[in-house]
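>>> fold the following.
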Amino acid sequence: MTSNPSPLPVRMARPAQPRFTWHHFTMRFSSTPRSARLARHLAGERLDTWGVPYGSDAHDVLTLIVAELSANAVSHGLVRGRDFRLRLSAEGTTVRVEVTDTRGERLPALTEPSVPDQEGGRGLLLVAALADDWGWSPRTDGPGKTVWASLDVRPL
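Below is the predicted model:
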C-alpha cells in the first residue's frame with residue numbers, strides 16, 4: 001500500500017522559550033517616515049528568524065518599540081541629510097533595540113503631550129511601559145544619541 005504524502009509542507013514547531021546564543025542586526029535608514037516603517041518591518045522579520053514568532057506578545061511588543069523609536073528618530077532626531085541607525089541584539093532571552101540619530105541637543109524625556117487631545121508625544125511613555133528597561137546615551141561615533149530598550153522574551 002502506498003501513501004499519498006500531503007501536498008502541504010510540514011512546519012516545524014518553534015521552541016516555546018527562545019534561547020539566543022547571540023544575534024546582531026544593524027542597518028542604516030534614511031530619516032523618512034517610509035524608512036521608519038521599513039525598519040519596523042525588517043525588525044519583525046529578523047525577530048521571527050531568531051525565534052520570536054510573528055503574532056507572539058514579545059514580537060508585537062518589540063516591533064512596536066522599534067516603530068516608536070524609529071518614528072522618534074525621524075521626527076525629533078532629524079538632521080537634514082543624515083540617517084538613523086537601527087540595531088537589534090539578542091543574548092540569552094533578552095532582546096535589545098537601539099535607535100541612533102544625529103541630533104544630540106534634543107534629548108529624550110518622558111512627558112505627557114501639552115494638549116490632552118494632541119496626537120503624538122506618547123511614544124517614549126509607551127516604550128517605557130512596554131520595555132523591561134530603557135534609556136539613552138550620547139552617540140560614541142559622532143554627534144547624536146542612542147535611545148535603547150530591552151525586553152526579556154521568556155514566556156510568563
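
>>> residue ranges for the strands of the chain, please.
Assigned strands in the chain, in chain order: 20-30, 83-92, 94-101, 133-138, 145-152 (criterion: DSSP state E).

>>> other SSEs contacting the shortest one?
Here strand 133-138 touches helix 123-130, strand 145-152, going by 3 or more C-beta pairs under 8 Å, 6 or more residues apart in numbering; DSSP states H and E. Yep, even glycine has a C-beta here, placed from its N, CA and C like the rest.

>>> okay, and the helix or strand of the chain with the least pLDDT?
Every helix and strand of the chain was ranked by mean pLDDT, DSSP states H and E. The lowest is strand 20-30, at a mean of 89.

>>> could you list the low-pLDDT ranges of this protein?
By pLDDT under 70, the low-scoring segments of the chain are 1-20, 77-79, 81, 111-121, 155-156.

>>> list the residues that contact L62.
Counting by C-beta atoms under 8 Å, 6 or more residues apart in numbering, L62 touches A43, L47, V52, V95, V97, L151, V153.

>>> hmm, try it at 10 Å
By C-beta atoms under 10 Å, 6 or more residues apart in numbering, the contact set of L62 is 40, 43-44, 46-47, 52, 56, 88, 90, 95-97, 130-131, 149-151, 153.

>>> could you report the neighbour count for the nearest residue to L64 once chain neighbours are set aside?
Distances taken as C-beta to C-beta, 6 or more residues apart in numbering put L130 closest to L64, at 6.6 Å, once the chain neighbours are dropped. L130 is flanked by 16 other residues according to other C-beta atoms under 10 Å.

>>> repeat that for G55.
Using other C-beta under 10 Å, G55 has 7 neighbouring residues.

>>> look up how far S137 lies from the residue nearest the centre of the chain.
Central residue of the chain (C-alpha atoms, centre = their mean): V66, 2.6 Å from the mean position. According to C-beta to C-beta, to the nearest Å, V66 stands 18 Å off from S137.

>>> many thanks, have a good one.
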